[in-house]
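In: mind looking at a prediction? Sequence and model below.
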Amino acid sequence: MKYLFPSVLVILCSLGAHSQSVFRPAPSRLFTIDQETAIKSQIGDINTSTMDSNNYAYALIAGGSKGIGYALAEALARRKFNLILIARHTDSLIAAKRKLESAYSIHVEYLALDLSKEYVADSIAHWCMERKIPLKVLCNVAGFGGARDYLSIPLDTVRYMVRLNVESTMALTLTLLPLLEQNAPSYILNVASMAGLAPIPVKNIYASTKAAVISFSYALRYQLKEKNISVSCLAPGPVYTKPEIVKDTKEKLGWIGNVMEVPPARVGEIAIQKTLEHKLLIIPGTTAKLSSIFIRILPKRWITSIYNGVGKR
């Protein structure tokens, strides 16, 4: 048992990351007219005939084409929300749109955009307001992580991770608040990770950005309470959304990772159910939930030391 407990604590050496590839992104630039024109050409127009065919409210999922984001989209579609999906790759967005519309008879619009860019949040909000989208749910899912982290990645990748994991969540939330307030009661779901519950040396920047998302969500919940906007934060343990995550989890945790793993579809269903029930911190899975209690109770220095030891395996 003395070896089991430390292993259970380290569930998050890269688990819950939404993207695993590490690359050198182009530096973000300020919003320009040319960029606005380019964005509009990518976005196109909503199919108004489809919009008029139902009276469903809308949910916007930033990072909604695959993995946890798609699972959230499906859970919302089952509850008859029309959807706006945002991600970088058009092909995966089109595939998600076709599957969701066919299975649930809702309308799905997609925007192929890089959420790490400074001007994108304003452009998305302007696009939604211009079309008077009845937005009731905002899901900030887009995130970036990988097997390599601080000290082993270039500075532009560090900045990209911070912008996508933290800045995009804060910016999109702020720019869409007028619509959410207008359609209250409404909901915000920010996706973090159990990695955000304690410092992880081998995943320093990733864990730090997820800790920021958790902290932001807790504070924002009280800031928006009087506006009738509920704020929730999803902090999952192992979720096998990519082969890289499966491999890394099994290498570091062995059979314990398999015990703690929750399928993406189940994570999505639990997250949406609990969000609509106004729950603040959502941790799917009994084993992960129990482990999170110990992680939060024990001194951070102890937990960090345990993570450091296991991360060197």
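Out: Okay, I see it.
In: and what about residue 188, helix, strand or coil?
Out: The local conformation at residue 188, judged by DSSP: H, G, I helix; E, B strand; the rest coil, is strand.
In: and it, how far from residue 206?
Out: Separation of residue 188 from residue 206 (CB to CB, to the nearest Å): 22 Å. Placement of C-beta: from N, CA and C, glycine included.
In: those two: which is more packed in?
Out: Neighbours were counted for residue 188 and for residue 206 using other CB atoms under 10 Å; residue 206 has more, 27 against 24.
In: what pLDDT is listed against the residue lying closest to the more buried one once chain neighbours are set aside?
Out: Setting aside the residues directly before and after it, residue 206 is nearest to residue 145 in space (CB to CB, 6 or more residues apart in numbering), at 4.2 Å. Residue 145 carries a pLDDT value of 85.
In: what's the answer for residue 15, then?
Out: Residue 15 is assigned a pLDDT of 37 by the prediction.
In: okay, now the unreliable bits of this structure?
Out: Applying pLDDT under 70 to the chain flags residues 1-53, 240-261, 311-313.
In: check contacts around the most centrally placed residue in it.
Out: Geometric centre of the chain, nearest residue: residue 141, 1.8 Å, by CA atoms, centre = their mean. Residue 141 sits next to 18, 61, 62, 63, 64, 68, 69, 72, 191 when contact means CB atoms under 8 Å, 6 or more residues apart in numbering.
In: so which of those residues is the closest to residue 136?
Out: residue 61 (12.6 Å; CB to CB).
In: host element of the closest residue to residue 198 other than its chain neighbours?
Out: Closest residue to residue 198 apart from its sequence neighbours, by CB to CB, 6+ apart: residue 303 at 4.2 Å. According to DSSP states H and E, residue 303 maps onto helix 300-311.
In: in this protein, which spans are helices?
Out: Per DSSP state H, the chain carries helices over the ranges 4-9, 33-43, 48-52, 67-78, 90-104, 120-130, 155-162, 168-182, 204-223, 243-253, 255-260, 264-276, 286-297, 300-311.
In: so for residue 233, which of those sits nearest?
Out: The closest of the helices of the chain to residue 233 is helix 204-223. By CB to CB, the value is 3.7 Å.
In: quick one, that closest one and helix 300-311 angle?
Out: 140 degrees (axes from the mean of the first three to the mean of the last three CA atoms, to 10 degrees).
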